[in-house]
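Participant: Any chance you can model this:
(2 chains)
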Amino acid sequence: MPHRTAAARPSVSGVLPGADERRLPRTLHPLAWWVWALALATAVSRTNNPLLLLLVLAVLGYVIGMRRTEAPWARGFKYYLYLALTVVAIRVLFRAVFATGITPHDHFLFSLPHIPTPDWYAGIQLGGPVSLEAVLSAAVDGLRLACMLCCIGAANTLANPKRALRVLPGALYELGVAVTVSISVAPQLVQSVQRVHRARRLRAGRSKGLRALRGIVVPVLEDALERSLRLAAAMDSRGYGRAGSATKASRRLTGALMLLGMCGLCAGAYGLLDASTPTFLGLPALGAGALLCVAGLRLGGRRVTRTAYRPDPWWFEEWAVAGCGVLSAVLLFTNVGFDAAELNPSLYPLSWPTLPLVPAVAILLAGAAGFLAPPPLPTTAPQAAPRVPARRTEKATAK
Amino acid sequence: MIRRLLSAAGALALAMGALAATTGQAAAAPRPIGQCTTRSGAVLAVDFSDWGGPILRSCGTTPTTGYELLNQGGWRTTGTGHDGPAFICRIGYSGYKGGKQFPTPAQDDCVLTPPATAYWSYWHADAGSNTWQYSQLGAMLYKPKPGSVDLWIFGGTNIEGTKGRPTVSPDQLRARNTRPTGGKARTPQETKTAKPLPPGVDTGPAPERPVTEKPAPKPKKPKAEPKPRHSTSPSPSATKKPSPAASSGAGEAKAAPGPSAKVVNAAPAADAAHDTGSYVPAALTGALVLLVGGAGAYAARRRRRTE
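Facilitator: Residues are numbered from 1 along each chain as shown, chains lettered A, B, ... in the order given. This is a model prediction of the structure:
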């Protein structure tokens, strides 16, 4: 995996006009993108206001439009949008079928055939009248989950999953390899589907219908198998999976520390989320778990000595991108300068949502990542041969 | 010809059915408290003592549901975003603090089902009974019987409703008079009454999380003061007054909520004014979304062209 970095390539500044092109293109540290996206997802979890949610989607679109590369994993955002639409549709459908009641104040939309349920099952109702309020609140509810999905999708689109592997502590290296391979499966599959689809079109094959689907699935599976074999061989040759020089006792101690730490983290998270648990299960358990985990990672990491080849730098741009994401989440959680009710406007009775100023500015602030991050590396030199999509993809894969 | 006759008959039957459906169900209506007797009407009581308020008491005619009783004569509820209007998340009365609904958005955002430690629990006492029954049905499915009392208290219960019981007794709240008092059962002109619900509407789910030992409000001895003296003050105009007084008396009640909360009659009132807001923020957001998204699309296109 020869990685191109800013230091390695000749500067292309001056080749293209415009402020953006005068900056040195380089890939941003993947962790910065992940911190940014997760912070934005956290901010989204706070609100149910459709205006703010739409603003988040617009910001995601802007940042992706500005800083997306042409790498295979960077082409998948469209599919996250489809997934988001599906989430909203399913939520609305379920709300309509498993009716949650219509009140005399509601705006009646349509009525589904009602399926009576026995008395002992009276809590669940199938079918019945559906109100505009119910449909809208289901859509907004779905939109929130859809926005979170899109945040994760944006991180997957913007960050190089293979370089994210380097961030993990040494003790988790093998785990990190497995996770990185698994999270890069989806974009690779997408790319594979696109390639097979294009090949079929070039050969004037059918590109629609059930038969075409079979024609696509088989090569895609074959492709996936081949790719994983290639990856396994590459990893093997680079010495992944070595046990190292750990003694049995230290390995056991590491395992025990990690296990206890994880239990503490789980208990702590549960304690924080459920108000009725005893207080020692909350923050104290979380802190103890985190400490144990850090100790276990330190101990386990001592036996792994690795050097990084061209490590990803963490410079001002990384701080800026991660910071503007975190800042927007913090602003939404502090409740300063706006009414908490505006974050979760009620649709009963129907009324227009308001746009609280501070959260809106906070979300727009997260969009600053679009120009704070350095421009991405161009995949082809500006004077490259004619734009053949297939070639570009191949090049991106090789990278 | 026969077909036409059949279809005409079908249409007639449909029309008759619709007529029967509309006339068969008498609309539930709010009444002054004097109109509820030991054997007619249903008394609705809502305990605002968590917010230093009184226990407000209203009366409604009986072929009704718990939901209708709680959404007429100035009463209004809000459901949750997750479960819809059937899960009572907030309750407000237009005569109490200007129709503000409790719990306030700062306390509960009413997006998901509220926790079992802090929600409106629903209790019934049939005519003549002096023990509260935890409602096994939601407000939209339960039909109060004539002469019964419906009580909503805020706090925690366990799933069976054996913990967190009300501290007032049904006898403190129910109607004592055997015949309607206060002259004509007339409701204010501006009062909106809830239309009958469509048949068989959902109740919403029960609270999800079991409770561990939230200390129930201190079981002080229920005051046996024969307080519903108010109920004999008949005219709606007279009963309307206590609500501002109650809100001013809220300060002293705050120190010791629970059984010491006053019972105040809430006369049928007009709905609290509702503002649908302005579409300007939405339009502004639309423009902003177009601007930001357009900028992104433009940048992407320009980059693609230059590459």
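Participant: Please identify which helix or strand holds the residue nearest to residue A:256 when sequence neighbours are not counted.
Facilitator: Among residues not flanking residue A:256 along the chain, residue A:296 sits closest, at 8.0 Å (Cβ to Cβ, 6 or more residues apart in numbering or on different chains). Every C-beta, even on glycine, is put in place using the N, C-alpha and C of the backbone. Element membership for residue A:296 (DSSP states H and E) is helix A:283-302.
Participant: What helices and strands are in contact with that helix?
Facilitator: helix A:248-273 (3 or more Cβ pairs under 8 Å, 6 or more residues apart in numbering or on different chains; DSSP states H and E).
Participant: name the helices or strands packed onto whichever helix or strand residue A:370 is part of?
Facilitator: For residue A:370, the element it lies in under DSSP H and E is helix A:369-372. Packing contacts for helix A:369-372, counted by 3+ Cβ pairs under 8 Å, 6+ apart, involve helix A:50-67, helix A:316-334.
Participant: Okay, domains of the chain per the record?
Facilitator: Using chain A here. Using automatic domain parsing, the domain parsing of chain A gives A:20-165+A:314-380+A:388-398, A:246-303.
Participant: Please refer instead to chain B.
Facilitator: B:21-265, B:277-307.
Participant: Least reliable of those domains by average pLDDT, please.
Facilitator: Among these, domain B:21-265 has the lowest mean pLDDT, at a mean of 70.
Participant: Residue B:81: what's its closest spatial neighbour, skipping adjacent residues?
Facilitator: Per Cβ to Cβ, 6+ apart, closest to residue B:81 is residue B:111, 4.5 Å.
Participant: Tell me the secondary structure at that neighbour.
Facilitator: Following DSSP: H, G, I helix; E, B strand; the rest coil, the label given to residue B:111 is coil.
Participant: go on, residue B:270?
Facilitator: coil.
Participant: Any idea how many residues pack against it?
Facilitator: 15 (other Cβ atoms under 10 Å in any protein chain shown).
Participant: Need the contact partners of stretch A:216-234.
Facilitator: A:1, A:181, A:185, A:188, A:189, A:192, A:193, A:195, A:196, A:197, A:200 (Cβ atoms under 8 Å, 6 or more residues apart in numbering or on different chains).
Participant: what about the fourth one, distance to residue A:86?
Facilitator: Okay, so that is residue A:188. Distance of residue A:188 to residue A:86, computed by Cβ to Cβ, to the nearest Å: 21 Å.
Participant: Compile the domains of chain A into CSV and extend it with columns for mean neighbour count.
Facilitator: Listed next are the domains of chain A as CSV, based on neighbours: other Cβ atoms under 10 Å in any protein chain shown:
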stretch, mean neighbour count
domain A:20-165+A:314-380+A:388-398, 19
domain A:246-303, 16
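Participant: export those domains to CSV and tack on mean pLDDT?
Facilitator: Formatted as CSV, these follow (pLDDT from 0 to 100):
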stretch, mean pLDDT
domain A:20-165+A:314-380+A:388-398, 85
domain A:246-303, 85
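Participant: Please identify which of those is closest to residue B:39.
Facilitator: Closest to residue B:39 of the domains of chain A, according to Cβ to Cβ: domain A:20-165+A:314-380+A:388-398, at 26.6 Å.
Participant: just how off-centre is the closest one within its chain?
Facilitator: Its chain's average C-alpha position is 10 Å from that of domain A:20-165+A:314-380+A:388-398, according to Cα atoms, centre = their mean, to the nearest Å.
Participant: my guess is the residue nearest to residue A:256 meets residue A:263, correct?
Facilitator: No. Counting by Cβ atoms under 8 Å, residue A:296 stays clear of residue A:263, with 11.9 Å between them.
Participant: so residue 130 is in which element?
Facilitator: Went with chain A since none was named. Judged by DSSP H and E, residue A:130 forms part of strand A:126-131.
Participant: So which elements touch that strand?
Facilitator: Helices and strands touching strand A:126-131, as assessed by 3+ Cβ pairs under 8 Å, 6+ apart, comprise helix A:77-97, strand A:108-115.
Participant: Quick one: mean pLDDT for the strand or helix carrying residue A:181?
Facilitator: Using DSSP H and E, the element containing residue A:181 is helix A:173-183. Helix A:173-183 carries an average pLDDT of 73.
Participant: any idea which helix or strand comes after that helix?
Facilitator: Helix A:173-183 is succeeded, C-terminally, by helix A:185-202 (DSSP H and E).
Participant: could you dump that following helix to PDB, C-alpha only?
Facilitator: The C-alpha coordinates for helix A:185-202 follow below in PDB (Å, rounded to 0.1, in the frame of the first residue of the first chain):
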ATOM      1  CA  VAL A 185     -16.200  -4.100   2.700                       C
ATOM      2  CA  ALA A 186     -19.200  -2.000   2.000                       C
ATOM      3  CA  PRO A 187     -17.500   0.600  -0.200                       C
ATOM      4  CA  GLN A 188     -15.600  -2.100  -2.000                       C
ATOM      5  CA  LEU A 189     -18.800  -4.000  -2.700                       C
ATOM      6  CA  VAL A 190     -20.300  -0.800  -4.000                       C
ATOM      7  CA  GLN A 191     -17.300  -0.200  -6.300                       C
ATOM      8  CA  SER A 192     -17.400  -3.800  -7.400                       C
ATOM      9  CA  VAL A 193     -21.100  -3.600  -8.300                       C
ATOM     10  CA  GLN A 194     -20.500  -0.400 -10.200                       C
ATOM     11  CA  ARG A 195     -17.600  -2.000 -12.200                       C
ATOM     12  CA  VAL A 196     -19.500  -5.100 -13.100                       C
ATOM     13  CA  HIS A 197     -22.500  -3.000 -14.000                       C
ATOM     14  CA  ARG A 198     -20.400  -0.800 -16.300                       C
ATOM     15  CA  ALA A 199     -18.800  -3.900 -17.900                       C
ATOM     16  CA  ARG A 200     -22.200  -5.300 -18.700                       C
ATOM     17  CA  ARG A 201     -23.300  -2.100 -20.200                       C
ATOM     18  CA  LEU A 202     -20.200  -1.900 -22.400                       C
END
